[in-house]
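Colleague: Sequence first, predicted model second:
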Number of protein chains: 2
Amino acid sequence: MNSNNLNRKTGENEAMTTLVQGLAAAGRTAQRKLARMADREKTDALQSAASELRGSKDEILAANALDITAGAEAGLSAALIDRLALDAGRIDALAAAVDQVAGLPDPVGQRIDRNQRPNGLVLDRVRVPIGLLGIIYESRPNVTADAAALCVRAGNAVLLRGGTDALHSNRAIHAAMIRGLTSAGVPADAVQLMPTQDRDAVGAMLAAAGLIDMIIPRGGKSLVARVQADARVPVLAHLDGICHTYIHHGADPEMARTIAVNAKMRRTGICGALETLLIDAAYPDASALLGTMLDSGCEVRGDARAQAIDRRIIAATGQDWGTEYLDSIVSVAMVDGVEAAMAHIAAHGSHHTDTIVTADDAVAEEFLAEVDSAIVMVNASSQFADGGEFGLGAEIGIATGRLHARGPVALEGLTTYKWLVRGNGQVRP
Amino acid sequence: MNSNNLNRKTGENEAMTTLVQGLAAAGRTAQRKLARMADREKTDALQSAASELRGSKDEILAANALDITAGAEAGLSAALIDRLALDAGRIDALAAAVDQVAGLPDPVGQRIDRNQRPNGLVLDRVRVPIGLLGIIYESRPNVTADAAALCVRAGNAVLLRGGTDALHSNRAIHAAMIRGLTSAGVPADAVQLMPTQDRDAVGAMLAAAGLIDMIIPRGGKSLVARVQADARVPVLAHLDGICHTYIHHGADPEMARTIAVNAKMRRTGICGALETLLIDAAYPDASALLGTMLDSGCEVRGDARAQAIDRRIIAATGQDWGTEYLDSIVSVAMVDGVEAAMAHIAAHGSHHTDTIVTADDAVAEEFLAEVDSAIVMVNASSQFADGGEFGLGAEIGIATGRLHARGPVALEGLTTYKWLVRGNGQVRP
């Protein structure tokens, strides 16, 4: 690289840093106003945003058509085009999701606990917004509405940076949201869409420690990996969902078959989908279980003991144990007891969702206590690993890190707390 | 720098990286065993450690004497020597602190909430250890025992890196702790003391993302600033404690004087000490309040309106509003109402502890709701900002960040949670 290029590159980064600093300052100012808005005001604002989305179908669809055309010209796959494409029904669904968030209880001001000290001081911990969040996402334009709604419901400002493929759609959805939110008193800068698609803007967001309080990446593994590697701002995310289901030797055979096939095949592309099936070597129904899995249209890659059970099973390599297929493929390892199953999970898992199927309560409790994953299940499909299914109303994502929030992250995970101390003149002896 | 130096430097860093990776791996292995230990076993282990500390006074005092001699030769100040010095009473206090932690309720396994879904799934969130923590501290050798005890109580392994001044004392205290802990079944690698004082070892700890789960710096501002600037591992800390007390015009004069003097002068060197006093311009007793503060031996630096009240008040500069004196000095600004007080706090505060003194409940509630600090107090001395005073048993530190834990951090802040999902065959439709 010659020095001209080097200088230009440095100049570009500085411009993006300055841009992000300005957006962050505006977002933080807006957030201080948003933090003081009452539950009812935020509900009204989100309902107005939903209504504006419904009323802006023509503009959103016109913008979306530009993205679809550009995507087709750029040679995007049919799957990516489908992910990008909106129609009237999808816009209604998007508005309905915003309405649903509007209806969730406001977490801000909720008391976590209260504690009266012998000296009479009364201590309350209450939930407060985190501040300014950054959401970095790919081609799904619904994130523009979903994520913004969850942030606003919890009193946070947000800086959105969507994928270039969805640029026009995101701008139209953002414009409609802003019309609704501002009509009900939310400052416009509470929800900002990055005004440039310059990749260095993402780098500037990731470096904005102290300006952006938390970044949530929504997208594929390469996006999450880049964000986790480069961020100086705390990141809430999961990189992999290598979910295991262990069939204990005492499992009910019909339950085991039903759960395994559902966990793998209901939707293969979600992070809670089963990727590695661990079958106890003493489980008497392994042949029927694997046969059912194969008959459901799933490719099965097994270790030598699994291959000996059904000749349709192909050989797994070492790499298979660490692969999130997100497809109709499952790896199968035969294991000798619950300890071996847990050792396999500890060695190869991603701390997302791991499951045991067993009729033995003591073994179930051992598995629940010892498996170190965000979600540990007994006798259920790992496809339930979802904020909506957990009763959280909606989720911003699933986190496999160890701090702040773990598993499905919903409104509570978008708040922090402060201590309120009420006295009547106490001084410390 | 010539290439030889460059190579040597790189080689040193690699050696420290390799060292920290090895220590972290050993710590993580030990933690998996510690995580499975029962409440009673950990209590016994900590009581044994306290007992070993009491029984090892001669060794610890001999080691401490080496540090004191070296410190005196190196020209350490009397204050630093005092911070370093142990005697039989201080070792008893140190052991008592470990015993106190032994007696705290085990947070591991505590249920945070339970939620039964319409499909019959039962969801529990239960507290679990975080994993491996890093504690980086300065010359107080008591941290070696305090911090290790809190980590073990919450099921975490810890890598301790103390100050060079206290090297021999730390090693003796660590050795006694390990004798006690291992006699009761805790693996020795659960509590490791960094075997080198090479400064690059600290850099290697800060870079150990994915190996060390969280770092807690305990020490002065330069240490915390360095850790916050360089860490790729999440950090729990506070950089500054610029604590404000605002005297509302309707405050009880005697209460205001008592609280202000206690908040500033009881102990000037703690992070919860008052640094900036904000007095409402309409407060009728400002002269007596400032006179009492001056008479207590405090230097008062005021704005022009404060200076007009008492000629002993010297002029504050702009820098005073952002200075944590940790000394018998207070800055004073006269403000026009609670909004102006809150604006001053928002502009100059450090989100640690801010206080209002008022007889007006509505104003108190406004202040509690709107001041964005980890601790917000009404009619009490900010010197109460302490985990022990909050009833948390003991604290590992006070955090002013916005994620994971905020304010005094005790055992709960040293845990995370996982979701336990118990079903009876549910699959997702």
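Modeller: Nice, thanks for sending it over. Not measured: the values here are computed from a predicted model.

Colleague: And the helices in the stretch 201-350 of chain A, which stretches?
Modeller: Using DSSP state H, counting those that start in this stretch, the helices of the stretch 201-350 of chain A run over residues A:221-230, A:253-265, A:286-295, A:304-307, A:338-348.

Colleague: can I get the ones you listed in CSV with mean pLDDT?
Modeller: Compiled in CSV, those are given as follows (pLDDT from 0 to 100):
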stretch, mean pLDDT
helix A:221-230, 92
helix A:253-265, 98
helix A:286-295, 98
helix A:304-307, 98
helix A:338-348, 97
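
Colleague: Make CSV out of these and add distance to chain B and mean neighbour count.
Modeller: Placement of C-beta: from N, CA and C, glycine included. Below are the helices of the stretch 201-350 of chain A laid out as CSV (distance: least, CB to the nearest CB, whole Å; neighbours: other CB atoms under 10 Å in any protein chain shown):
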stretch, distance to chain B, mean neighbour count
helix A:221-230, 8, 16
helix A:253-265, 4, 22
helix A:286-295, 13, 18
helix A:304-307, 23, 16
helix A:338-348, 8, 18
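
Colleague: Reformat those as TSV; add distance to A:Leu239.
Modeller: Formatted as TSV, those follow (distance: least, CB to CB, whole Å):
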stretch	distance to A:Leu239
helix A:221-230	5
helix A:253-265	20
helix A:286-295	26
helix A:304-307	27
helix A:338-348	14
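
Colleague: Figure out which of those helices is closest to B:Ala374.
Modeller: helix A:221-230 (26.8 Å; CB to CB).

Colleague: counting contacts, what elements does that closest one pack onto?
Modeller: strand A:132-137, helix A:199-206, strand A:214-218 (3 or more CB pairs under 8 Å, 6 or more residues apart in numbering or on different chains; DSSP states H and E).

Colleague: ok, and for the longest one, which residues are buried?
Modeller: By that I understand helix A:199-206. Going by neighbour count (16 or more other CB atoms under 10 Å in any protein chain shown), the buried part of helix A:199-206 is A:200-206.

Colleague: How about stretch A:359-379?
Modeller: By 16+ other CB under 10 Å, the buried positions in stretch A:359-379 come out as A:363-364, A:366-379.

Colleague: Among those residues, which lie within strands?
Modeller: Using DSSP state E, the subset of the buried residues of stretch A:359-379 located in strands is A:375-379.

Colleague: which among the buried residues of stretch A:359-379 are in contact with chain B?
Modeller: Near chain B, taking CB under 8 Å from any CB of the partner chain as the test, the members of these found are A:364, A:368-370, A:372-379.

Colleague: Just flag the most distant two among those residues.
Modeller: Using CB to CB, these reach their maximum pairwise distance at A:Asp372 and A:Asn379, which is 19.9 Å.

Colleague: that older thread, of the helices and strands packed on helix A:221-230, which is nearest B:Gly388?
Modeller: Among the helices and strands packed on helix A:221-230, strand A:214-218 comes nearest to B:Gly388, with 30.1 Å by CB to CB.

Colleague: what's next to that closest one, contact-wise?
Modeller: Under the criterion CB atoms under 8 Å, 6 or more residues apart in numbering or on different chains, residues A:130, A:133-138, A:140, A:143, A:147, A:205-206, A:223-224, A:227-228, A:231, A:233-237, A:396-397, A:404, A:409, B:402-403 lie in contact with strand A:214-218.

Colleague: rewinding a little: between the buried residues of stretch A:359-379, which is nearest B:Leu160?
Modeller: Here the nearest of these to B:Leu160, counting by CB to CB, is A:Asp372; it sits at 23.2 Å.

Colleague: Would you check that my belief about the closest one contacting B:Pro129 is correct?
Modeller: No: in this structure A:Asp372 lies outside contact range of B:Pro129 using CB atoms under 8 Å: 9.1 Å.

Colleague: what sits in contact with each of the two?
Modeller: Joint contacts of A:Asp372 and B:Pro129 (CB under 8 Å, 6+ apart) are B:Ala35.

Colleague: so what's A:Pro187 scoring on pLDDT?
Modeller: A:Pro187 carries a pLDDT value of 98.

Colleague: Got the phi and psi for it?
Modeller: Main-chain torsions, A:Pro187, degrees, to the nearest 10: phi -60, psi 140.

Colleague: got a list of what the closest residue to it other than its chain neighbours touches?
Modeller: Ranked by CB to CB, 6 or more residues apart in numbering or on different chains and with sequence neighbours excluded, the top spatial neighbour of A:Pro187 is A:Ala30, at 3.9 Å. By CB under 8 Å, 6+ apart, A:Ala30 lies in contact with A:157, A:186-190.

Colleague: if we go to 10 Å?
Modeller: Taking CB atoms under 10 Å, 6 or more residues apart in numbering or on different chains as the contact definition, A:Ala30 lies against A:132, A:157-158, A:186-192.

Colleague: what about A:Val122, how many neighbours?
Modeller: 15 (other CB atoms under 10 Å in any protein chain shown).

Colleague: Could you pick out the residues of the stretch 1-150 of chain A near chain B for me?
Modeller: Within the stretch 1-150 of chain A, the positions near chain B by CB under 10 Å from any CB of the partner chain are A:31-32, A:35-36, A:108-109, A:113, A:115-126, A:128-132.

Colleague: Just the buried ones out of those, please.
Modeller: Neighbour-count burial (16+ other CB under 10 Å) applied to these gives A:31-32, A:35, A:108, A:121, A:123-126, A:128-132.

Colleague: Tell me which of those residues fall in strands.
Modeller: Filtering these for strands - DSSP E - leaves A:123-126, A:128-129, A:132.

Colleague: so what's the nearest residue to A:Leu61 once chain neighbours are set aside scoring on pLDDT?
Modeller: Nearest non-adjacent residue to A:Leu61, counting by CB to CB, 6+ apart: A:Leu86, 6.3 Å away. The per-residue pLDDT reported for A:Leu86 equals 96.

Colleague: And for A:Lys9?
Modeller: 46.

Colleague: Where does the stretch 251-400 of chain A get nearest to chain B, residue-wise?
Modeller: With CB to the nearest CB, the shortest gap between the stretch 251-400 of chain A and chain B falls at A:Ala380, namely 3.2 Å.

Colleague: Tell me what that residue is bridged to.
Modeller: Using DSSP bridges, the bridge partners assigned to A:Ala380 are B:Gln426.

Colleague: Let me see the contact set for it.
Modeller: Residues in contact with A:Ala380 (CB under 10 Å, 6+ apart) are A:245, A:255, A:259, A:262-263, A:353, A:355-357, A:389, B:119-122, B:421-428.

Colleague: Tell me the spacing between A:Leu46 and chain B.
Modeller: Remark: distance between A:Leu46 and chain B (CB to the nearest CB, to the nearest Å) = 21 Å.

Colleague: how close does that residue get to A:Leu53?
Modeller: In this view, A:Leu46 and A:Leu53 are 11 Å apart by CB to CB, to the nearest Å.

Colleague: who touches both of these two?
Modeller: Shared contacts of A:Leu46 and A:Leu53, defined by CB under 10 Å, 6+ apart, comprise A:98-99, A:177, A:180.

Colleague: Just give me the closest of the residues you listed to chain B.
Modeller: Distances from chain B to these, taken by CB to the nearest CB, are shortest for A:Asp99, at 21.0 Å.

Colleague: pLDDT wise, what is A:Leu6 at?
Modeller: A:Leu6 carries a pLDDT value of 40.

Colleague: Just list the residues touching A:Cys151, thanks.
Modeller: By CB under 10 Å, 6+ apart, the contact list for A:Cys151 reads A:31, A:34, A:101, A:129-130, A:132-133, A:135, A:157-160, A:190-191, A:216, A:396, A:411, A:414.
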